[in-house]
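A.B. asks: got a predicted model here, sequence first, then my questions.
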Amino acid sequence: MKYPRVHVAFWIASAAFLLLFLWDVSPTRGQSPSAVNSGSGDQSRVRSTVLVPAFGAAAARNAALSTELTWTFGGKEQHGWYLYTSLIKRLLGTKDDPAAKGFAVALARWQQKSGLQSSGVLDEESLYAMVAAWQGRRIKDRTPALPEALVTAPPADYFDQERLEELRQVERETYTAYKRMFAAALADRSLGLARGRDGQLHANEKLLKIISSFRSREYQEKLRRESPQAGSAGLAVNSPHFTGRALDLYVGGEPVSTNDANRAVQVRTPIYLWLVRNAERFGFRPYFYEPWHWEYTGVSRSTGSH
Ligand SMILES: [Zn+2]
């Protein structure tokens with residue numbers, strides 16, 4: 001009989017957690033109010049409105065869960081949320097990494113705002129809420145673009161400069177926004193996009209080039225037949241690419257492989273991190289699961305200047 005032993009272990013673990021919780025919580029324990037408030041203002045704000053969570057313990061849990069949490073997306077089992085750390089930090093409005101207390105504090109604030117238990121721990125429930133938030137900002141209407149809404153972009157805009165003309169179509173507004181975003185990335189010298197002697201973009205530079213833009217239903221079906229293992233998270237039956245407003249952009253690594261090791265490379269490249277911080281200014285929203293896939297949903301009034 002192993003059940004009683006499991007129970008005992010469970011209660012010991014629970015008691016230990018509770019002790020940790022009490023240890024870390026109490027702002028009054030042997031500290032003057034000024035010492036309590038000497039941390040970030042955010043922390044004291046959270047303390048005044050929610051049951052003060054054990055942020056030290058939460059930070060340790062987050063460090064572990066970032067690689068260990070088991071969850072499901074697109075019918076596939078997923079391991080951890082470390083691939084989405086930069087998107088999560090942006091959503092939470094924090095610069096702190098998951099192992100830091102500041103991350104747990106920012107998360108607790110977001111959890112409270114989202115009607116979740118503000119534990120500061122990025123568990124399954126909070127992760128699904130984040131996924132829902134990201135997914136909710138994507139293109140909802142996937143009606144195929146009418147031919148007159150599309151422009152044909154030059155081969156130089158594409159990762160594969162041999163790409164056929166019928167595969168180089170982009171919805172008009174999306175293309176304008178993409179060109180503006182590209183110009184901003186090029187102007188940001190910290191990204192190091194390759195330049196020729198004339199100071200212009202080097203012809204061989206692949207970063208931020210378009211891998212795939214508008215796709216017809218026929219072309220999407222062809223891709224699905226060629227990659228049956230891609231699953232619904234990868235090649236959708238009803239693809240946002242039909243609208244001409246979804247762009248796959250080269251951010252490094254294997255261009256469009258959802259393999260975790262590949263995505264781990266992509267989400268750390270300067271160009272991807274730049275997109276996470278800046279794409280929204282140009283009206284582009286991420287598809288969290290594919291670092292290369294960005295959708296033009298327009299510039300919202302709160303973030304845009306025009
Ligand atoms: Zn895509």
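C.D. replies: Alright, I've got the coordinates.
A.B. asks: check the gap between the spatially closest residue to residue 290 that is not a sequence neighbour and the ion for me.
C.D. replies: In space, and not counting its chain neighbours, residue 290 is closest to residue 258: 6.6 Å by Cβ to Cβ, 6 or more residues apart in numbering. Just so you know, the C-beta spots here come from the backbone N, C-alpha and C atoms, and that holds for glycine as well. Going from residue 258 to the ion by Cβ to the ion, to the nearest Å gives 11 Å.
A.B. asks: also residue 267?
C.D. replies: Counting by Cβ to the ion, the gap from residue 267 to the ion is 16 Å.
A.B. asks: my read is that that residue contacts residue 81, right?
C.D. replies: No - applying Cβ atoms under 8 Å, one finds residue 267 not in contact with residue 81, separated by 11.2 Å.
A.B. asks: between the two, tell me which one has more neighbours.
C.D. replies: residue 81 (24 against 21; other Cβ atoms under 10 Å).
A.B. asks: can you check what pLDDT the model gives that one?
C.D. replies: Here, the pLDDT recorded for residue 81 equals 98.
A.B. asks: measure it to residue 246 for me?
C.D. replies: 23 Å (Cβ to Cβ, to the nearest Å).
A.B. asks: the closest residue to residue 173 other than its chain neighbours bridge partners, please.
C.D. replies: Leaving out its chain neighbours, the residue that sits closest to residue 173 by Cβ to Cβ, 6+ apart is residue 296, at 6.8 Å. According to DSSP bridges, the residues that bridge with residue 296 are residue 284.
A.B. asks: what about residue 296, neighbour count?
C.D. replies: Using other Cβ under 10 Å, residue 296 has 26 neighbouring residues.
A.B. asks: what does this protein put close to the ion?
C.D. replies: Proximity of the chain to the ion (Cβ under 5 Å from the ion) is limited to residues 248, 293.
A.B. asks: could you chop the chain up by domain?
C.D. replies: Listed domain ranges for the chain are 52-136, 147-303 (source: automatic domain parsing).
A.B. asks: what sits closest to the residue positioned nearest the centre of the chain if chain neighbours are left out?
C.D. replies: For the chain, the residue nearest the mean C-alpha position is residue 87 (3.5 Å; Cα atoms, centre = their mean). Among residues not flanking residue 87 along the chain, residue 288 sits closest, at 5.5 Å (Cβ to Cβ, 6+ apart).
A.B. asks: looking at it, the one you found is touching residue 85, isn't it?
C.D. replies: No - judged on Cβ under 8 Å, residue 288 makes no contact with residue 85 at a distance of 11.1 Å.
A.B. asks: comparing the two, which residue is more hemmed in?
C.D. replies: residue 288 (22 against 18).
A.B. asks: report pLDDT for that one.
C.D. replies: 98.
A.B. asks: quick one: contacts for it?
C.D. replies: 84, 87, 131, 134-135 (Cβ atoms under 8 Å, 6 or more residues apart in numbering).
A.B. asks: scan those residues and report the most crowded one.
C.D. replies: For the contacts of residue 288, the largest neighbour count, defined by other Cβ under 10 Å, is 25 neighbours, found at residue 84.
A.B. asks: find me the pLDDT at the closest residue to residue 241 other than its chain neighbours, would you?
C.D. replies: Sequence neighbours aside, residue 215 is the residue nearest to residue 241 in space, at 4.0 Å (criterion: Cβ to Cβ, 6+ apart). Reported pLDDT at residue 215 in the predicted model: 94.
A.B. asks: identify the residues contacting residue 215.
C.D. replies: Remark: with contacts taken as Cβ under 8 Å, 6+ apart, residue 215 is in contact with 167, 223, 239, 241-242.
A.B. asks: how about those residues in TSV, adding pLDDT and neighbour count?
C.D. replies: Compiled in TSV, the contacts of residue 215 are given as follows (pLDDT from 0 to 100; neighbours: other Cβ atoms under 10 Å):
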residue	pLDDT	neighbour count
167	95	16
223	88	15
239	92	21
241	96	26
242	96	21
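A.B. asks: so which of those residues are in helices?
C.D. replies: residue 223 (DSSP state H).
A.B. asks: looking at the contacts of residue 215, which is nearest residue 276?
C.D. replies: Nearest to residue 276 out of these is residue 241 (Cβ to Cβ; 21.1 Å).
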